[in-house]
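In: Curious how this folds, go ahead:
(chains A and B)
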Amino acid sequence: MTDRINPVDKLERIMEQLAESVLELSDEALVAEITESGSDPQQEAELTRSLLRHAARPPELGQRLSNVSETTDSHYCRKSKGLSR
Amino acid sequence: MYRDYAPFEVVLIAYGMPTKNGVDIALDILRHDPTQPIIIIASDYRSEDEVPRRKELMDVPFLLDMNNSDYSRFKEILEKLQPWATREEVDRAITALTTDELLKLRKYAEWRVCLSRGTDHRTGKDLLQEALCLTFQGAEGGGAGKRWNKRVTFFTYLIGAIRNVTRRRKSDIDLWCDIFECDAEGHEHCLLDTIESRDPAAEQLLIAEETVRGFLERFKDDPKARLLLQGWSEGMKRKEIMQEGLSENEYRATVKRIRMKLLGPNGGGGGEKHDRQD
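Out: Down below sits the predicted model:
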């Protein structure tokens, strides 16, 4: 039966389970996991907040806030600055 | 029943019911949750003015006919009753997100993006920003984007928005970490960028197969992790996998090992690693 499952479906199911498992983590376990992976949870959290704030800015503020994308460097930031890959 | 399953986006109540009056039910619900949107259907009346109503229900909209002529009015009322967030409220909600919520959003997006990385090699950060951009489009009105219904928390809404975006793009799954490789000079590149595309569907199958095999190979000395990966790939639920001989703690610890190995600092995860090329 296993072999009849499409490999794309198999991969999707694995990734789906891994993603959803993050939501089952307690706050303490999540912080511990992030620390264990060598990151600073507080810094990670604040970076995420600036990323969200950056996405939230009205387009006319884009230029003034362009330096934010240097720290939150994502494809979306680059696209908004016309720097797509 | 309302107490067991509330809150609802809207509750529809028939004005005249055999055992209990719809007005009494509406009053009970409002006593329980004064913010619960309610619509009362009074199909025995020809005009709204004829329907006897209590002063506590003056703000509750009444509808005369759900089936025909009143349908557009029903949609209009439904729209007005939903507590959609404004742009300013979304801004405030971002500020109010706790450290734990932010970390969970970040991690969740990093994993979910693996389901929809796409040909532009999206990252978890891209996904988070996309969910937010859609939310702001939604808050502008006009039918575009996604709207945050304030009856759920902003965090719950964002998780749903991220899940929704990636489910919509599941066919983009083909780009996962293991299809990045290093050339002789140590530069990473995506295998798909160099594949001569003759049959994308067949390539996608091949890459997915190789990726799953690669996952299992990485855990060749960890039978519990292999059990989980295999179980998940076959669509088994947590309980079913645990029946194969894993305790709750073992299950949890194994999931963590898999997460850390696949997307940890040395796990060769997709987005961050690929980002560094730029």
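In: how many neighbours does B:Gly142 have?
Out: 7 (other C-beta atoms under 10 Å in any protein chain shown). To be clear about C-beta, it is placed using only N, CA and C from the backbone, and glycine gets the same treatment.
In: Would you report the backbone torsion angles of it?
Out: Backbone torsions for B:Gly142, taken as degrees, to the nearest 10, come to phi 90, psi 0.
In: if I look at it, how far off is B:Phe136?
Out: For B:Gly142, the distance to B:Phe136 equals 12 Å [C-beta to C-beta, to the nearest Å].
In: which stretches of chain A have low pLDDT?
Out: By pLDDT under 70, the low-scoring segments of chain A are A:1-3, A:56-85.
In: what residues go with each domain of it?
Out: Listed by automatic domain parsing, the domain ranges of chain A are A:1-39, A:40-85.
In: Repeat that for chain B.
Out: With automatic domain parsing serving as the domain definition, the record reports that chain B contains domains spanning B:2-81, B:87-172, B:203-275.
In: among those, which is the most enclosed?
Out: domain B:87-172 (a mean of 19; mean count of other C-beta atoms under 10 Å in any protein chain shown).
In: Follow the chain on from the lengthiest helix in chain B and name the next helix or strand.
Out: Secondary structure of chain B per DSSP state H: the longest helix is helix B:200-218. As assigned by DSSP states H and E, the chain's next helix or strand after helix B:200-218 is helix B:223-233.
In: So which elements touch that next one?
Out: helix A:7-23, helix B:200-218, helix B:238-242, helix B:248-263 (3 or more C-beta pairs under 8 Å, 6 or more residues apart in numbering or on different chains; DSSP states H and E).
In: The same query, at a cut-off of 6 Å, please.
Out: If you count contacts as 3 or more C-beta pairs under 6 Å, 6 or more residues apart in numbering or on different chains; DSSP states H and E, helix B:223-233 packs onto helix A:7-23, helix B:248-263.
In: Now do the helices in chain B.
Out: Under DSSP H, chain B gives helices at B:2-5, B:22-32, B:71-81, B:87-96, B:99-112, B:124-139, B:154-168, B:191-194, B:200-218, B:223-233, B:238-242, B:248-263, B:270-275.
In: Tabulate these (a markdown table), appending mean pLDDT.
Out: Below are these laid out as a markdown table (pLDDT from 0 to 100):
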| stretch | mean pLDDT |
| --- | --- |
| helix B:2-5 | 77 |
| helix B:22-32 | 89 |
| helix B:71-81 | 80 |
| helix B:87-96 | 93 |
| helix B:99-112 | 94 |
| helix B:124-139 | 90 |
| helix B:154-168 | 91 |
| helix B:191-194 | 52 |
| helix B:200-218 | 85 |
| helix B:223-233 | 96 |
| helix B:238-242 | 94 |
| helix B:248-263 | 92 |
| helix B:270-275 | 38 |
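In: can I get those helices in CSV with distance to B:Leu63?
Out: Shown next, in CSV, are the helices of chain B (distance: least, C-beta to C-beta, whole Å):
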stretch, distance to B:Leu63
helix B:2-5, 19
helix B:22-32, 12
helix B:71-81, 6
helix B:87-96, 28
helix B:99-112, 38
helix B:124-139, 26
helix B:154-168, 28
helix B:191-194, 54
helix B:200-218, 49
helix B:223-233, 46
helix B:238-242, 44
helix B:248-263, 48
helix B:270-275, 49
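In: For B:Gly16, which of those helices is the nearest?
Out: helix B:22-32 (6.7 Å; C-beta to C-beta).
In: Which strands or helices does that closest one pack on?
Out: By 3+ C-beta pairs under 6 Å, 6+ apart, helix B:22-32 packs against strand B:11-14.
In: Recalculate using a threshold of 10 Å.
Out: Other elements packing on helix B:22-32 under the criterion 3 or more C-beta pairs under 10 Å, 6 or more residues apart in numbering or on different chains; DSSP states H and E are helix B:2-5, strand B:11-14, strand B:38-41.
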